[in-house]
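>>> task: produce atomic coordinates for the following.
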Amino acid sequence: MTAHSEPATTRTAPADSSENVAAPAPAPAASAENAADPADAFTRLYGRTPEGVWAAPGRVNLIGEYTDFNDGFVMPLALPHTARAAVARRTDGELRLHSADIPGGVVSLRVDELAPHQGHDWAAYPAGVVWALREAGHPVTGADIHLTSTVPTGAGLSSSAALEVVTAFALNDLFGLGLSAAELALLGQRAENDFVGVPCGIMDQMASACCTDGHALYLDTRDLTQRQVPFDLAAHGLRLLVVDTRVKHALGDGAYAERRAACEAGAAALGLRTLRELPYEGLGAALEALARGGADESVVRCVRHVVNENHRVEQVIALLDAGDVGAAGPVLDAGHASLRDDLRVSCPELDLVVSAAVKAGALGARMTGGGFGGSAIVLVDEASADTVAGAVTAAFAAAGYMEPGIFPAVPSAGARRLA
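This next block holds a predicted model:
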């Protein structure tokens, strides 16, 4: 395994793609059709009225990267950007899917013929949810679905999870399945793992399904214990900026799976079920044991990152609980260094965001999401937000990179029915 091999990234004008497979989600500036009422668009498309409209957000992760598939801790918050679905049931076994944001018209599938790894491009995400529901014994007999989204694709903000969760919430309501938000998140994860074929952890789906307005979600991914932590940055004179590098990443090509395999190899070599079982205080001895046992250097680096990252989540939650939010900045910096040097999932654009922001006075910054492109987060004093954003933009121009997209992360509500 070569844990430092990188997936292909795109540094040209962003095209429609997602974290893993193309998903219908444009940049925050939505198209005219996207801005239209999805219920009206559904009626024009399918010739009947939808039974409801649902929304599910993208997310940004404050701290806790590559820890969720190790049963570790994460702390995401939902963004205002959402995937929306207008949906009506069918009883004839037909599943019809349409995106306002992806050319190509309606994708028609048979629910009893859905099977993993058959492609379907962006439609694999909602189709995978239908498959996962039926595999779990739930009587989903078909649906007409019209989707539209403002979650930027390929930006590490979980556009794919938003599609999965909004589909799951809609079908849960319409078919009266009675599933909880956490259960729907798990079904969304199964769709991505087993149907699409990306071995993601549970953080993205749980964030989209369970976050609440004005809070960050402190989640233990081992047992899905969660706590909504107040995250009112304005009250502390702070702002959290999201910087989209416009470098599109694709986790489905194996690099993400390589890191996961390295973590699993490290746990196995230490006689552990997952790296969550390795306490921070025992990290030094564990790394020495791995070295003595001849573990691959990439495995050692992954173990070091995960155990330290779990500790960083605990540091940040303690600071938030103490009301000392600004002191989390150096923890973000340390997280980025670990993702860059130990996990090796950063890229020049992400590193430039962090270095330029910190040089301009940011309290801290790090890449967020799976890496190899996507977005970084920058914690700033509110008074210096424009200065820091301008410095990052200027640094990108000087390096010959595409102008980044920069917007504030506003802790927002999780999945919900709109109409």
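>>> measure stretch 91-109 end to end?
For stretch 91-109, the first and last residues are 13 Å from each other (C-alpha to C-alpha, to the nearest Å).
>>> for the stretch 151-300 of the chain, just list every one of the strands.
215-220, 225-230, 238-244 (DSSP state E, counting those that start in this stretch).
>>> again, but for the stretch 1-150 of the chain
Ranges of strands in the stretch 1-150 of the chain, per DSSP E, counting those that start in this stretch, are 52-63, 73-89, 94-99, 107-110, 143-149.
>>> these into CSV, with extra columns for mean pLDDT, distance to A286 and mean neighbour count?
For the C-beta atoms, the positions are set from N, CA and C on the backbone; glycine is no exception. What follows is the strands of the stretch 1-150 of the chain, written out as CSV (pLDDT from 0 to 100; distance: least, C-beta to C-beta, whole Å; neighbours: other C-beta atoms under 10 Å):
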stretch, mean pLDDT, distance to A286, mean neighbour count
strand 52-63, 98, 22, 27
strand 73-89, 98, 18, 26
strand 94-99, 98, 46, 22
strand 107-110, 98, 47, 16
strand 143-149, 98, 42, 27
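>>> among those strands, which is nearest G271?
When these are compared for distance to G271 using C-beta to C-beta, the nearest one is strand 73-89, at 21.9 Å.
>>> distance of G52 relative to A161?
As for G52, its distance to A161 is 20 Å (criterion: C-beta to C-beta, to the nearest Å).
>>> and the pLDDT at the residue nearest the centre of the chain?
Residue closest to the average C-alpha location in the chain (C-alpha atoms, centre = their mean): S158, at 3.2 Å. At S158 the predicted local confidence, pLDDT, stands at 92.
>>> quick check on it: phi, psi?
Reported as degrees, to the nearest 10, the phi and psi values for S158 are phi 70, psi 50.
>>> that one contacts G58, doesn't it?
Yes - at 4.9 Å, S158 and G58 qualify as touching, with contact defined as C-beta atoms under 8 Å.
>>> can you give me the helices for this structure?
Per DSSP state H, the chain carries helices over the ranges 32-35, 38-46, 124-135, 159-174, 181-190, 203-210, 255-269, 283-292, 297-321, 329-338, 348-359, 385-399.
>>> as JSON lines, those helices with mean neighbour count would be great.
JSON lines is the format used below for the helices of the chain (neighbours: other C-beta atoms under 10 Å):
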{"stretch": "helix 32-35", "mean neighbour count": "12"}
{"stretch": "helix 38-46", "mean neighbour count": "18"}
{"stretch": "helix 124-135", "mean neighbour count": "26"}
{"stretch": "helix 159-174", "mean neighbour count": "30"}
{"stretch": "helix 181-190", "mean neighbour count": "24"}
{"stretch": "helix 203-210", "mean neighbour count": "30"}
{"stretch": "helix 255-269", "mean neighbour count": "21"}
{"stretch": "helix 283-292", "mean neighbour count": "14"}
{"stretch": "helix 297-321", "mean neighbour count": "21"}
{"stretch": "helix 329-338", "mean neighbour count": "21"}
{"stretch": "helix 348-359", "mean neighbour count": "21"}
{"stretch": "helix 385-399", "mean neighbour count": "17"}
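>>> among those, which is nearest R246?
Distance to R246, taken as C-beta to C-beta, is lowest for helix 348-359 among the helices of the chain, at 7.9 Å.
>>> might you calculate how far the closest one sits from the centre of the chain?
Relative to the chain's own centre, helix 348-359 is displaced by 21 Å; criterion: C-alpha atoms, centre = their mean, to the nearest Å.
>>> what angle do it and helix 329-338 make?
For helix 348-359 against helix 329-338, the angle by axes from the mean of the first three to the mean of the last three C-alpha atoms, to 10 degrees is 160 degrees.
>>> show me what helix 348-359 is packed against.
In this structure, helix 348-359 packs against strand 238-244, helix 329-338, strand 364-368, strand 375-381, helix 385-399, with contacts taken as 3 or more C-beta pairs under 8 Å, 6 or more residues apart in numbering; DSSP states H and E.
>>> can you give me the pLDDT of the nearest residue to A389 once chain neighbours are set aside?
Distances taken as C-beta to C-beta, 6 or more residues apart in numbering put I406 closest to A389, at 4.9 Å, once the chain neighbours are dropped. Here, the pLDDT recorded for I406 equals 97.
>>> how near is I406 to K359?
I406 sits 16 Å away from K359, going by C-beta to C-beta.
>>> which residues does P230 bridge with?
H215 (DSSP bridges).
>>> wouldn't it be in contact with H215 here?
Yes - applying C-beta under 8 Å as the test, P230 and H215 come out as touching, 5.9 Å apart.
>>> higher neighbour count, those two?
Legend: neighbour count by other C-beta atoms under 10 Å for P230 and H215, higher for H215 (19 against 13).
>>> residues near G137, how many?
Burial of G137, expressed as a neighbour count using other C-beta under 10 Å, amounts to 7.
>>> returning to what we had before: quick one, which of the strands of the stretch 1-150 of the chain is nearest to R312?
strand 52-63 (5.5 Å).
>>> quick one: strands adjacent to the closest one?
Going by DSSP bridges, the partners of strand 52-63 are strand 73-89 (antiparallel), strand 416-417 (antiparallel).
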